[in-house]
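1. can't give you the sequence, but here's the structure:
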Ligand SMILES: Nc1nc2c(ncn2[C@@H]2O[C@H](COP(=O)(O)OP(=O)(O)OP(=O)(O)O)[C@@H](O)[C@H]2O)c(=O)[nH]1
């Protein structure tokens, strides 16, 4: 401990909790204090009671909600309650102070977000109780508050100097002027408050982790990474909108070191920021609501988009049972890239995850637990999706037998586990080419399918146009003959009768001559519409000549056809049709014929109806005739 810190402690100038928090702190130092006694003291402070209950519920989502202070105290334990009471007490007492350049509100806003991030990370990475991590985050920078409290004027000068020379770390500015720094001071204070060294040791190094020297797989190292990530998230939330996209990307890169895959980052951050906003309201600390993290993160510029297009982002799965090498590989993969990386810590998880997220590339350790790399490869290659994946097996030693077994199992490549960033990029390039080819092929296939679909539509339109009379929309002569051919075949097969009628508008030439061709066209359209809507549903009305219509009547004998024809004739003659400026009544003559054993083909049938039509015209028009046997009509 430096003399300055010693001096500060003696002079009593450092922030200290008061009231209930102080009582709890002192009570918990005694050997025989019970949780019931602590709960009793907590209850005397309604604000503290509410905050403890809220926190207890935030981390115990599986069990039933906590509703009483006693329960919250039992669930959190004496040490945690003591530290939470301390943190909240400091927050309430030091909302403002004499240090002009110190942003007290901003300090608590940052600390609160660190606390909530630590708590949320604690739910994923179980290095300590989530409530303890909350306190650890809340007090992580309490040394700054202490310096602002003890040396208000000097610390203002320190902050101004840091503002003018931001490249130099704050601790250096602090040391230059005050011969101590917030890190050192904070750790001493927390030690005095009984916060275990397990929490305070990483605090000494998290702002400069390169010199920490903790073993990579140690809890202290995890805690250090968590503190760093929490600090970065608080920096991100409090930064201006211009700086946020870059900070967001840095955060995602660093989060990979704690197995938080980039696509999980958004949901994680949004959730933490939502609770920050909520707690901010509760504690009356600024905590602005931010847009969804994905929106900030994807604020790419055009140059980046162009780059991404030339090197498409990949879905990459890193399957490695060793947490350290897995995180290292993940960190290398997300560095300067927009790849999405999925971690798996054993072969079974890797297989299930691969089938779910369909990665483009799999980097799998040969010695994966449960299902080794070779077995994973074989299992994947047995599936359609798995055959498209680019699989690189990784091993520690160069072993010829393993190498040949890896290729036999279907691996695309082989790499040492100690792969450098450059080596990794080289291997990804091959996968990227395959993905680009697959994407180009997929694009071509989609385009071809589109063209084929458009052609089919165009062909159908053409076919329809070729079979449709443009003026009336009715099937034209060609279509009529096709339909009649089909009806003829059906009648041959079924032995059912088949009849046709030929309908010709009377004195149509006069309409044309009197009112003009356009008026004639209008009359034809009206007549066609009248015939189409009045004919029986199973009959087909077609226009086979100028003012001549053919009606095909399947499964209809002569009597029924004559009856139906007469109905159509009556319909036409009852209509008043607008012709130019005036209206006109039209009539039509109809010839009917039924297929008989002696009828040779469809031409003979239509010709028989034509002859009957001629008879109708001869008989005075506006009538229906058949020549096949005498008929009362
Ligand atoms: N407006 C118009 N007229 C057409 C069309 N097709 C044919 N015509 C005319 O229809 C008339 C047919 O007349 P005709 O077959 O001589 O006999 P009609 O005047 O109908 O007298 P009948 O059939 O003997 O009652 C001709 O003047 C053709 O020019 C068309 O698409 N539009």
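-> Right, received. Where do you want to start? For clarity, every value in this text was computed on a predicted model and none was experimentally measured.
2. For the stretch 101-250 of the chain, which residues are neighbours of the ligand?
-> Residues of the stretch 101-250 of the chain found near the ligand (CB under 6 Å from any ligand atom): none. Any C-beta I mention is one placed from the backbone N, CA and C, and that applies to glycine too.
3. so what are the domain limits for this structure?
-> 3-284+293-299, 303-441, 477-626 (automatic domain parsing).
4. now the ones you listed as JSON lines including mean neighbour count?
-> Listed next are those as JSON lines, based on neighbours: other CB atoms under 10 Å:
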{"stretch": "domain 3-284+293-299", "mean neighbour count": "18"}
{"stretch": "domain 303-441", "mean neighbour count": "18"}
{"stretch": "domain 477-626", "mean neighbour count": "18"}
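5. between these, which gets nearest to residue 448?
-> Residue 448 lies closest to domain 303-441 among the domains of the chain, at 10.4 Å (CB to CB).
6. model confidence over the closest one, on average?
-> Domain 303-441 shows a mean pLDDT of 82.
7. returning to what we had before: of all the domains of the chain, which lies closest to residue 456?
-> Closest approach to residue 456 among the domains of the chain is made by domain 477-626 (19.8 Å; CB to CB).
8. Start and end of that closest one, how far apart?
-> 22 Å (CA to CA, to the nearest Å).
9. how about TSV for the domains of the chain, with distance to residue 460 added?
-> Below are those laid out as TSV (distance: least, CB to CB, whole Å):
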stretch	distance to residue 460
domain 3-284+293-299	42
domain 303-441	29
domain 477-626	14
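10. Now residue 580. Its backbone dihedrals?
-> phi 60, psi -130 (degrees, to the nearest 10).
11. For the nearest residue to residue 119 once chain neighbours are set aside, pull up the helix or strand it's in.
-> Excluding its sequence neighbours, the residue lying closest to residue 119 (CB to CB, 6 or more residues apart in numbering) is residue 134, at 4.3 Å. Assigning secondary structure by DSSP states H and E places residue 134 in helix 130-138.
12. which residues make contact with that helix from outside it?
-> Here helix 130-138 makes contact (CB atoms under 8 Å, 6 or more residues apart in numbering) with 55-56, 58-59, 76, 79-80, 83-84, 86-87, 91, 111-112, 114-119, 121-123, 127-128, 195, 199, 203, 223, 226-227, 230.
13. gap between that helix and the chain center?
-> 33 Å (CA atoms, centre = their mean, to the nearest Å).
14. element containing residue 342?
-> Short version: residue 342 belongs to strand 340-344, going by DSSP H and E.
15. which element follows that strand toward the C-terminus?
-> That would be, after strand 340-344 and using DSSP H and E, helix 347-357.
16. could you give the angle of the helix or strand containing residue 280 to helix 347-357?
-> Element membership for residue 280, per DSSP H and E: helix 262-283. Put simply, helix 262-283 runs at 90 degrees to helix 347-357, going by axes from the mean of the first three to the mean of the last three CA atoms, to 10 degrees.
17. Contacts only, for the nearest residue to residue 271 once chain neighbours are set aside.
-> Spatial nearest neighbour of residue 271, chain neighbours left out: residue 120 (6.8 Å); criterion: CB to CB, 6+ apart. Contacts of residue 120 were listed using CB under 8 Å, 6+ apart, and they are 268, 271-272, 275.
18. so is residue 120 in a helix, a strand, or just coil?
-> Using DSSP: H, G, I helix; E, B strand; the rest coil, the structure places residue 120 in helix.
19. Next, give phi and psi for the residue of the stretch 301-450 of the chain found nearest the ligand.
-> Closest contact between the stretch 301-450 of the chain and the ligand, by CB to the nearest ligand atom, is at residue 450 (38.7 Å). Backbone geometry at residue 450, expressed as degrees, to the nearest 10, gives phi -60, psi -50.
20. ok so, going back, quick one: average pLDDT of the helix holding residue 134?
-> Here the average pLDDT along helix 130-138 is 85.
21. any idea how far the helix or strand just after that helix is from the chain center?
-> Remark: after helix 130-138, the chain's next helix or strand is helix 142-150, criterion DSSP H and E. Taking CA atoms, centre = their mean, one finds the center of helix 142-150 at 45 Å from the center of the full chain.
22. And stretch 172-192, by the same measure?
-> The answer for stretch 172-192 is 46 Å, by CA atoms, centre = their mean.
23. Quick one: the strands in the stretch 301-450 of the chain, in order.
-> Residue ranges of the strands in the stretch 301-450 of the chain, as given by DSSP state E, counting those that start in this stretch, are 315-319, 340-344, 361-365, 390-395, 413-416.
24. and residue 65, what does it touch?
-> Per CB under 8 Å, 6+ apart, neighbours of residue 65: residue 57.
25. One more pass at 10 Å, please.
-> Residue 65 makes contacts with 53, 56-57, 71, as judged by CB atoms under 10 Å, 6 or more residues apart in numbering.
26. Name the SS class of it, please.
-> Under three-state DSSP, residue 65 comes out as coil.
27. Quick check: the gap between it and residue 48.
-> Separation of residue 65 from residue 48 (CB to CB, to the nearest Å): 19 Å.
28. same deal with residue 442?
-> Residue 442 is 60 Å from residue 48, by CB to CB.
29. How far off centre is the host helix or strand of residue 82?
-> Using DSSP H and E, residue 82 falls within helix 69-93. Mean-position distance between helix 69-93 and its chain equals 40 Å (CA atoms, centre = their mean).
30. ok and that helix relative to helix 262-283, angle-wise?
-> Calculated by the same axes, to 10 degrees, helix 69-93 forms an angle of 80 degrees with helix 262-283.
31. How many residues are close by the residue of the stretch 301-450 of the chain closest to the ligand?
-> 10 (other CB atoms under 10 Å).
32. from the chain's centre, how far out does the helix or strand containing residue 225 sit?
-> With secondary structure defined by DSSP H and E, residue 225 is part of helix 219-238. Using CA atoms, centre = their mean, the distance from the centre of helix 219-238 to the centre of the chain it belongs to is 27 Å.
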